[in-house]
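A.B. asks: model this:
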Amino acid sequence: MASIQKAVDEYYSRAFSPEIVQALQFVQESKLAAQLLSKYAKLSGEEKEALTFSEARFQTNLFYIQRSFENALSQTRVKRNYILFIDGIDIRPLSVPYPEYLDCIKGLANAVWEVNNDFFPTIKGGGGRLRVVLLVRPDIFASLGLQNQNTKSRDNSVFLDWRTDYSNHRTSDLFLIIDHLLSSQQKGNLTFGEAWDHYFPWNAPRIYEKFSTKTSFLSFLRWSYYRPRDIITMLIILQDLAKEQDPNLNYLPYEIFENANFKRQYSDYLLGEIKDHLIFYYGDDEYELFLKFFEFLNGKNRFNYDEYMHAFSEFHKVSCSNDVCAPKFMTSPSSFLQFLYDLNIICFIEYPMEDKPYVRWCFRMRSYSNISPKVKENSVYEIFYGLNKALNVGQEFIRRKV
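C.D. replies: Predicted structure coming up:
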C-alpha cells in the first residue's frame, strides 16, 4: 500500500491536485502512471523485474494500474467499515462536452458497482468492509441509463430524505440537525428545541393546527425544499440583516423574515441552485433563454394549463426566431412543463371532491422506486414561493395600451 501512495504522490507533485478532472488525466496518461506504480513496487520488493510501458498499449497500462490498486487494497485489514465518498461529479468542466462527460460518469458508476459487489467482498479479515458511494443528484442518476437501476439504487446508495409534515416538524431530522447546530454554539446543556425557540420566538402565520410550541420553523419549511442547506442559507442571510438593523439584537424577529432584502437574497440563492443544475447540461445562453419564459406569465405565480400553453406558445415564437433553436428541454410544452417540475420550480395542485387540495412537489414525490416523478397535465400550477422575487412573479402585471 505504501508503494501505491508514493507513486500517486509523485504523480500529483509533477502534475495536478487530485480532483475529478485530474483523476481523468491520471488515466489518460496511463504510461506515466503505470511507470510510477511499477517503479515503487520494485523498490518495495513487490516486483522483482522492471516493466516497460508504452503509449500504444493503453489497455495494458490500465489493466496494470487496476491490478496494482487491487493488490494493494486486498492486503488491507480494516477493523471498521469505511466509505469513500466521491463528490463533485455533478459539476461538469466547461472544456468537456456534456455527452462525453456523461459517458465518463456512466463508466464511473459501473466501476463503483463492480468494485462494491465483485472486489471488496473478496477482501477477508479485519472485520471491517470498504465501500464506495457516489454523491450524485437524482436527475443525473436517472440519466445514466444503468441496468437494474432501482435495485442498484436501493442496494448501493443512501437516499437523503429530509421530508416531514407540519404536524411532526418538531420531531423531524431536519429540525433536529438545525436545532443542534444552534445549541452546539451555546454554553451549557440546552434542552431540545430551546436554542431554536430563543432565536425565533414567534409563530408562523396562517397555521390552523394547534401546537404546544412555537411554529416559526414552519415558515422556514415553506421557503425551503426541506434541505439543511436551504435552512442554513436563510439563517446566514437573516443573521447579516439582523446585525445591520441592531448589532445588539440576540434574537431574530418575524419582521426580518418578512424583509424584502431577505426574500431577494434568498431567491437569488435558489435561482443560483437552478443555474448550477442547468449548467451541467447546457450553457449560459440556454440559461438566459430559460429565464425569458417567465416574462410571458405576465407576473402570475399561479396559472392553469391553458394559461401555461398560451405563455409557452408566445415564448416559443420568440425563442425560435432569428434561427435560434430551442434546447432539448424546451422543444415541446410537455417537455418544458416536466423540466420545470423536475427542478421544483413549479408544483401541480389537485382538488379532490371532499378534501383539501393536494399540492404535489417533485421533491416530496421522489423515492427509491420513483426517482423521476411525472408532472400532471391539465392541472393548476404554482411557482415555488422562494423563487418569486428572482423570477419577477407573484404580482400580475396590467397591460396598458400605448
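
A.B. asks: find the centremost residue of the chain, please.
C.D. replies: residue 137 (4.7 Å; CA atoms, centre = their mean).

A.B. asks: was I right to think that residue contacts residue 90?
C.D. replies: Yes. Counting by CB atoms under 8 Å, residue 137 does reach residue 90; the two are 5.1 Å apart. Bear in mind the C-beta positions are built from the backbone N, C-alpha and C, glycine included.

A.B. asks: Provide a list of residues in contact with the residue nearest to the centre of the chain.
C.D. replies: Residue 137 makes contact with 90, 277, according to CB atoms under 8 Å, 6 or more residues apart in numbering.

A.B. asks: tell me the pLDDT of it.
C.D. replies: Reported pLDDT at residue 137 in the predicted model: 82.

A.B. asks: the one 4 residues further on too?
C.D. replies: Per-residue confidence at residue 141 stands at 80 (pLDDT).

A.B. asks: how about it, secondary structure?
C.D. replies: When the structure is reduced to helix, strand and coil (DSSP: H, G, I helix; E, B strand; the rest coil), residue 141 reads as helix.

A.B. asks: skip the chain neighbours and tell me the closest residue to it.
C.D. replies: Here the nearest residue to residue 141 in space, its sequence neighbours aside, is residue 371; by CB to CB, 6 or more residues apart in numbering that works out to 6.5 Å.

A.B. asks: again, but for residue 335
C.D. replies: Counting by CB to CB, 6+ apart, the nearest residue to residue 335 once its immediate chain neighbours are dropped is residue 329, at 5.8 Å.

A.B. asks: run a quick neighbour tally on the one you found.
C.D. replies: Around residue 329 sit 18 other residues, with neighbours defined as other CB atoms under 10 Å.

A.B. asks: sec struct for it, please.
C.D. replies: Secondary structure state of residue 329, per three-state DSSP, is helix.

A.B. asks: next: residue 382.
C.D. replies: Here residue 382 is recorded as strand under three-state DSSP.

A.B. asks: can I assume it is in contact with residue 301?
C.D. replies: Yes. Here residue 382 lies in contact with residue 301, judged by CB under 8 Å, at a distance of 6.3 Å.

A.B. asks: what pLDDT is listed against the residue nearest to residue 141?
C.D. replies: What the model reports for residue 371 is a pLDDT of 78.

A.B. asks: correct me, but it touches residue 140?
C.D. replies: No. The pair residue 371 and residue 140 does not pass the contact test of CB under 8 Å, sitting 10.4 Å apart.

A.B. asks: any stretches of the chain with poor pLDDT?
C.D. replies: When residues are selected by pLDDT under 70, those of the chain lie in 1-66, 68, 149-158, 320-325, 397-402.

A.B. asks: so residue 252 sits in a strand?
C.D. replies: No. When the secondary structure is assigned by three-state DSSP, residue 252 falls in coil instead of a strand.

A.B. asks: so residue 358 versus residue 221, what's the distance?
C.D. replies: With distances defined as CB to CB, to the nearest Å, the gap from residue 358 to residue 221 amounts to 17 Å.

A.B. asks: more neighbours, those two?
C.D. replies: When residue 358 is set against residue 221 and neighbours are counted by other CB under 10 Å, the residue ahead is residue 221, at 20 against 11.

A.B. asks: could you check how far that one is from residue 341?
C.D. replies: Distance of residue 221 to residue 341, given as CB to CB: 20 Å.

A.B. asks: can you pull out the strands in the protein?
C.D. replies: For the chain, the strands identified by DSSP state E occupy 82-86, 130-134, 302-304, 346-350, 358-360, 380-383, in order along the chain.

A.B. asks: who touches the last one?
C.D. replies: When contacts are taken as CB under 8 Å, 6+ apart, the neighbours of strand 380-383 outside the stretch itself are 301-305, 308, 337, 345-349, 351, 359, 391, 393-394.

A.B. asks: about what we covered before: please say which of residue 382 and residue 301 ends up with more neighbours.
C.D. replies: Neighbours of residue 382 and residue 301, each counted by other CB under 10 Å, are more numerous for residue 301; the result is 20 against 16.

A.B. asks: verify the contact between the more buried one and residue 390 for me.
C.D. replies: No. Here residue 301 does not reach residue 390: they are 11.7 Å apart, not a contact under CB under 8 Å.
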